[in-house]
Every structure is written in structure tokens, then in C-alpha cells.
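**Q** predicted model follows, preceded by the sequence.
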Amino acid sequence: MTGVKDAPKMVSLFSGCGGLDMGFKTAGYEIIWANDFDRDAQAVYRMNLGEIDGRDIMTVEENEIPDCDILTAGFPCQPFSNAGSRKGVHDSRGMLYKECLRIIAKKKPKVIVFENVKGLLSTKYIDGRNLVDVIIEDLADMEDIGYNVVHELINASDYGVPQNRQRVLFVGIRKDLNKEFIFPEKQDKSRLALGNILDIPADVPNQVDWPLSPQAMEMINYIPEGGSWKDVPYEHLAPRFRKIRDNMKKYHSPNFYRRFSRSEICGTMTASAQPENCGIIHPTENRRFTIREVARIQTFPDEFVFIDDNIKNITAMYKVIGNAVPVKMANVIAQAIMRQAFEGEQKQ
């Protein structure tokens, strides 16, 4: 591995609380500049990784960002969705993709990494083209430089994460380097079941949970380990769930209130931390996963802290963890990029 002084220099856009950055840092990269607009994410980032620029990226000039070897970004994709108004780049959040291009064109990093949700694969750009094709073309045809870009839909559980979390990753290597990234081989999943990660020593911080509503508590009393809301007797369902149960075909047979068992790999942790949206219910105890348990599912190390005296809002911690890139997934990708794009170029 390269020494710190010779480590590839990394600029991180839309850094969140630092999941991706932590993965890259532990793989030997030096994070020289990071940015995120979310105050809760900034607070966590500063406690664990150091300074982060909290300005709106649209207000940051290119010359304020240092030159770098690699640039990473997880720009919002909601404005490109088929749902909603479909304003595309005319939406202020949609413009954030263009901000990535603006900075890349000026900094000309050797490698770029974009991370986004699975839905990006089926979304359209403002002119009707597939957004995936737009991203690849924009990077390949960039003036004076260009990138050989590959993308893949990956499951975080293929890279050491105890969570079935699908994400799209783009990795581009500058064309003058004459390389194309190859995604690493999938890893063994035999130790990723929840039972392997929920035994947490008492002295590990942030073992607090967000209490469920009385309605949710009433329902989960009837949900066995490995079950879901479908196990709840009809008379104990909340009215809105009875409506769905009465017409499962209309509602596409949703699997709310999933209680993953200790022998299963967990489902995707979401920013909302709601039982309707993710498997946030503990396998054997009638409660949400704690902050630390969710952090472990996202593969943050136990020394990575989320709450201190300055952070009182526990729901904000579920949000920033759910929005994060799993650390181990980021680390595996970072190591592969190090081998393929940087080894041999840095002094040992």
C-alpha cells in the first residue's frame, strides 16, 4: 500500500456522513476536500473524518477545490425520475449532476466514481435519453479529456456488507491512462447473516433506538422472526393496512414490517427507518434496530460515532446512516481502483 504522503488525493462530493470516504480512506486514499449540504451529515463527518465544506456545491468555484487524483460523487437522482414533474436538469437538484461535470472538467482527475440508486437505470434525461447513456457520453466526450466509463448494478452483500442493498456504480478512468475498470469478484456471503453482527459489546457507543409508535408496537407483537405484516391477524391491523390487505393485487402485495431473522441477510436500510420502508425491526426484540445496529448493517466500524452532546436528534442519525454508502462496499471498490489505476504510479 502507498504511504500517506504518496496516497492518491481524493475530492468527495455529496459526501454524506462519510461511508464512502471511510472506505476509501482505509484503502489508502487521502481525502483532501469533501462537501455536503446536509448539516446532520456534516456534524457526523467532522467527528470522524475531519473538515467538510458545508456550502451548496453550486456556489463553490472550481478554483476553490484542490487538484485531485480521484473524484467521487453521489449526486441526487430524484429529478430524473419518471415519477413526478420530470423537470430533469431544470430542477435545482438535477443541476447537481452538471456541477459534477463542471468540476471534473476543471480538475481532470485520473478516476471518477459515481454512486446512485437502482432507479437511475430506468430514469430518463430531459431530452428522453436514458440517463445512464447521458452520463457515459458526457464523461467520454469531455473536451480535452475523456473517460472510459463502466457501470454496474451491484449488491452490497457481494462485497462484504450484511445487507441486500442494490446500487449503481460508475467508474471512469481518464482515457490517456489507457485503462478500463473491472469490477472485483463477488465475495463469500456465509458470514453476513444478522446473527453474526448483532452481538455488540456494552461499551460500544450509540446503542439507542427510536421508539416505535403505539400502532407499530401493536402490530409487531404478532410478527414472528422472519415474518412480516402478513402474519398480523386482520383484527389487529391498522385501518390503512386492512385496506391494503383487502386488495393485495391492487397494492402489488407489499411486504411491510419485515422482521428479518438472525439467519437472513438484512434488507436495505433506508433514511426513513420506517417499518413500512425497510427491515428496521429487530429479529427477536420488539423495537427498531439501534443506531449502532444499523451502523453495523452499513458496516461502519464501532469506533465511528454518530451522536455526541451536540447531536440530539436521533431520527437524523437514522437518516444519515441510511443515506450512506456501506463502508465495506466502498473499501472493496477503492482497493480495486487502487490496484488497477494507481499502483505503479505512486512512490512506495
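**A** Great, that's in hand.
**Q** the stretch 1-150 of the chain: strands as residue ranges?
**A** With strands called from DSSP state E, counting those that start in this stretch, the stretch 1-150 of the chain shows them at 9-13, 30-35, 70-73, 111-117, 147-155.
**Q** for Phe24, which of those is the nearest?
**A** strand 9-13 (5.9 Å; CB to CB). Any C-beta I mention is one placed from the backbone N, CA and C, and that applies to glycine too.
**Q** against which helices or strands is the closest one packed?
**A** For strand 9-13, the packing partners by 3 or more CB pairs under 8 Å, 6 or more residues apart in numbering; DSSP states H and E come out as helix 19-26, strand 30-35, strand 70-73, helix 95-107.
**Q** adjacent strands (with direction) for it?
**A** strand 30-35 (parallel), strand 70-73 (parallel) (DSSP bridges).
**Q** please identify the deepest-packed of the ones you listed.
**A** strand 70-73 (a mean of 26; mean count of other CB atoms under 10 Å).
**Q** that one - what's its average pLDDT?
**A** Averaging pLDDT along strand 70-73 yields 98.
**Q** quick check: Ser253 vs Ser228, distance?
**A** 11 Å (CB to CB, to the nearest Å).
**Q** and the nearest residue to Val232 once chain neighbours are set aside, what helix or strand is that in?
**A** With sequence-adjacent residues excluded and distances taken as CB to CB, 6 or more residues apart in numbering, Val232 is closest to Tyr222, at 4.5 Å. For Tyr222, there is no host helix or strand (DSSP states H and E).
**Q** sorry, back to before: need the strands of the stretch 1-150 of the chain in CSV (columns: distance to Arg46).
**A** As requested, the strands of the stretch 1-150 of the chain are exported to CSV (distance: least, CB to CB, whole Å):
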stretch, distance to Arg46
strand 9-13, 14
strand 30-35, 10
strand 70-73, 18
strand 111-117, 21
strand 147-155, 29
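**Q** quick one, which of those strands is nearest to Arg165?
**A** strand 147-155 (6.8 Å).
**Q** what comes up buried for the next helix or strand after that closest one?
**A** Scanning forward in sequence from strand 147-155 by DSSP H and E, the next helix or strand is strand 166-174. Judged by neighbour count using 16 or more other CB atoms under 10 Å, the buried positions of strand 166-174 are 167-174.
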